[in-house]
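Enquirer: model this:
(one chain, ligands or ions: 1)
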Amino acid sequence: MEALVTGVAQMGPIQKIDSRAAVVRRMLALLAEAKARGCRFVVFPELALTTFFPRWVYEPGEPALDAWFEDAMPGPETRPLFDAAAAAGIGFYLGYAEKAGNRRFNTAILVDGTGRIVGKYRKVHLPGHAEPDPSRLGEHLEKRYFHVGDLGFPVFETMGAKIGMCICNDRRWPETYRVMGLQGVELIALGYNTPTGLGEPYQAAAQANMHNELSLRAGAYQNATWVAAAAKCGVEGGYPMIGQSMIVSPLGEVVAMAATLEDELITARCDMKLAAYARTEIFNFARHRRPEAYALITDRVGAGEPVVPSRAQMGLDDA
Ligand code: CDV
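Expert: Reported below is the predicted structural model:
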């Protein structure tokens with residue numbers, strides 16, 4: 001199979017009081033629409049089962065914090081999603097808060113069309129802070145609640161395609177896409193919750209949609225891959241979040257984009273031949289990449305002093 005009809009299931013806000021069962025009912029409605037529209041794969045958002053709880057302050061280990069994490073996947077509330085998807089022969093990406101023994105991750109899973117979990121990704125780039133600060137307009141405490149992902153950026157061969165995953169803030173980092181690009185990824189699925197009400201320094205609210213589109217299109221184009229990105233959006237707990245869920249082709253074109261800040265399904269026929277085509281010339285990695293010139297990418301974390309070749313190396317006269 002060379003084309004995977006893909007649905008991006010954008011979700012409107014989920015409030016603190018909304019039960020997982022109610023959220024899953026919304027997902028089932030999106031799944032039913034995806035089936036009617038011929039989808040074989042559906043992407044749900046980051047932390048899709050609950051409100052975006054890292055905006056609230058908890059003490060690590062307190063029961064109210066633990067309640068946002070899933071004890072099992074699938075568990076009693078998510079089982080109907082797995083069952084309905086398997087009955088429809090639809091695979092999916094789902095973001096949720098994972099308990100792994102004593103560790104806690106912001107996680108996404110890849111489920112195939114039979115309902116089997118075939119892949120897992122744990123968020124690497126955790127934005128925000130570990131300590132609350134009342135002077136901020138709003139909190140974003142992912143560094144307080146989650147461990148840094150320990151699975152790298154794996155790519156899974158499933159549903160006739162090479163599929164990779166990332167989560168929200170990961171989409172702003174070129175390394176995310178390139179590590180998957182180097183595994184021949186054909187489709188990257190991702191979910192996000194991008195608030196605009198936190199004040200600076202995060203990003204200018206007026207540019208939040210532009211930065212979203214810029215990151216997704218650049219990542220797709222520069223790595224010759226489809227990108228399917230699902231927002232959780234609208235106003236949660238008084239905090240607005242962007243929508244603009246989209247599907248981007250391996251040539252960097254937006255082929256579908258959500259028009260609302262509510263539950264909304266967008267779809268595209270993702271033909272993996274297009275990904276292969278985009279890798280034949282400009283982004284033929286084997287022919288054109290020069291890893292010997294990229295050492296700083298893995299040697300450094302933050303920016304350091306400029307690394308300047310000697311004047312002799314540059315062939316300057318006075319050397
Ligand atoms: N959930 C996120 O990772 N949100 C970040 C915000 C905090 C900037 C994002 O990159 O969209």
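Enquirer: where do the strands sit along the protein?
Expert: 3-10, 41-43, 91-100, 103-111, 117-122, 155-158, 161-167, 187-192, 226-231, 234-236, 239-241, 246-248, 254-257, 264-271 (DSSP state E).
Enquirer: quick one: those strands as TSV, columns for distance to the ligand too.
Expert: Using the backbone N, CA and C atoms, a C-beta is placed for each residue, glycine as well. As requested, the strands of the chain are arranged in TSV below (distance: least, C-beta to the nearest ligand atom, whole Å):
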stretch	distance to the ligand
strand 3-10	15
strand 41-43	15
strand 91-100	10
strand 103-111	8
strand 117-122	13
strand 155-158	21
strand 161-167	7
strand 187-192	6
strand 226-231	9
strand 234-236	12
strand 239-241	9
strand 246-248	14
strand 254-257	17
strand 264-271	19
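Enquirer: okay, those strands in JSON lines with mean neighbour count and mean pLDDT next?
Expert: Output for those, formatted as JSON lines (neighbours: other C-beta atoms under 10 Å; pLDDT from 0 to 100):
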{"stretch": "strand 3-10", "mean neighbour count": "25", "mean pLDDT": "98"}
{"stretch": "strand 41-43", "mean neighbour count": "30", "mean pLDDT": "99"}
{"stretch": "strand 91-100", "mean neighbour count": "23", "mean pLDDT": "98"}
{"stretch": "strand 103-111", "mean neighbour count": "23", "mean pLDDT": "98"}
{"stretch": "strand 117-122", "mean neighbour count": "19", "mean pLDDT": "98"}
{"stretch": "strand 155-158", "mean neighbour count": "18", "mean pLDDT": "98"}
{"stretch": "strand 161-167", "mean neighbour count": "27", "mean pLDDT": "98"}
{"stretch": "strand 187-192", "mean neighbour count": "28", "mean pLDDT": "99"}
{"stretch": "strand 226-231", "mean neighbour count": "29", "mean pLDDT": "99"}
{"stretch": "strand 234-236", "mean neighbour count": "19", "mean pLDDT": "98"}
{"stretch": "strand 239-241", "mean neighbour count": "20", "mean pLDDT": "96"}
{"stretch": "strand 246-248", "mean neighbour count": "26", "mean pLDDT": "98"}
{"stretch": "strand 254-257", "mean neighbour count": "16", "mean pLDDT": "98"}
{"stretch": "strand 264-271", "mean neighbour count": "20", "mean pLDDT": "98"}
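Enquirer: closest to G149 out of these?
Expert: strand 117-122 (3.2 Å; C-beta to C-beta).
Enquirer: how about the strands of the chain in a markdown table, adding distance to A205?
Expert: Output for these, formatted as a markdown table (distance: least, C-beta to C-beta, whole Å):
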| stretch | distance to A205 |
| --- | --- |
| strand 3-10 | 19 |
| strand 41-43 | 25 |
| strand 91-100 | 23 |
| strand 103-111 | 23 |
| strand 117-122 | 28 |
| strand 155-158 | 34 |
| strand 161-167 | 21 |
| strand 187-192 | 15 |
| strand 226-231 | 15 |
| strand 234-236 | 13 |
| strand 239-241 | 8 |
| strand 246-248 | 19 |
| strand 254-257 | 19 |
| strand 264-271 | 21 |
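Enquirer: which positions in the chain make contact with the ligand?
Expert: Contact residues (C-beta under 6 Å from any ligand atom) of the chain with the ligand: 46, 127-128, 140, 168-169, 172, 192-194, 202-203.
Enquirer: among those residues, which are located in helices?
Expert: In helices, defined here by DSSP state H, there are no members of those.
Enquirer: and which of these is nearest to D317?
Expert: Using C-beta to C-beta, the residues of the chain next to the ligand come closest to D317 at R172, 42.8 Å.
Enquirer: from I163, how far off is that closest one?
Expert: According to C-beta to C-beta, to the nearest Å, R172 and I163 sit 20 Å apart.
Enquirer: leaving out chain neighbours, which residue sits closest to M165?
Expert: Once flanking residues are discounted, M165 sits nearest to Y121: 3.9 Å by C-beta to C-beta, 6 or more residues apart in numbering.
Enquirer: can you name the residues that contact the closest residue to D133 other than its chain neighbours?
Expert: Take D133 and drop its neighbours on the chain: the residue closest to it by C-beta to C-beta, 6+ apart is E139, 7.7 Å away. Listed by C-beta atoms under 8 Å, 6 or more residues apart in numbering, the contact set of E139 reads 54-57, 128-129, 132-133, 198.
Enquirer: now render those as a markdown table, adding neighbour count and pLDDT.
Expert: Putting those into a markdown table (neighbours: other C-beta under 10 Å; pLDDT from 0 to 100) gives the following:
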| residue | neighbour count | pLDDT |
| --- | --- | --- |
| P54 | 26 | 98 |
| R55 | 22 | 97 |
| W56 | 17 | 97 |
| V57 | 12 | 98 |
| G128 | 19 | 95 |
| H129 | 15 | 96 |
| P132 | 13 | 96 |
| D133 | 7 | 93 |
| L198 | 18 | 88 |
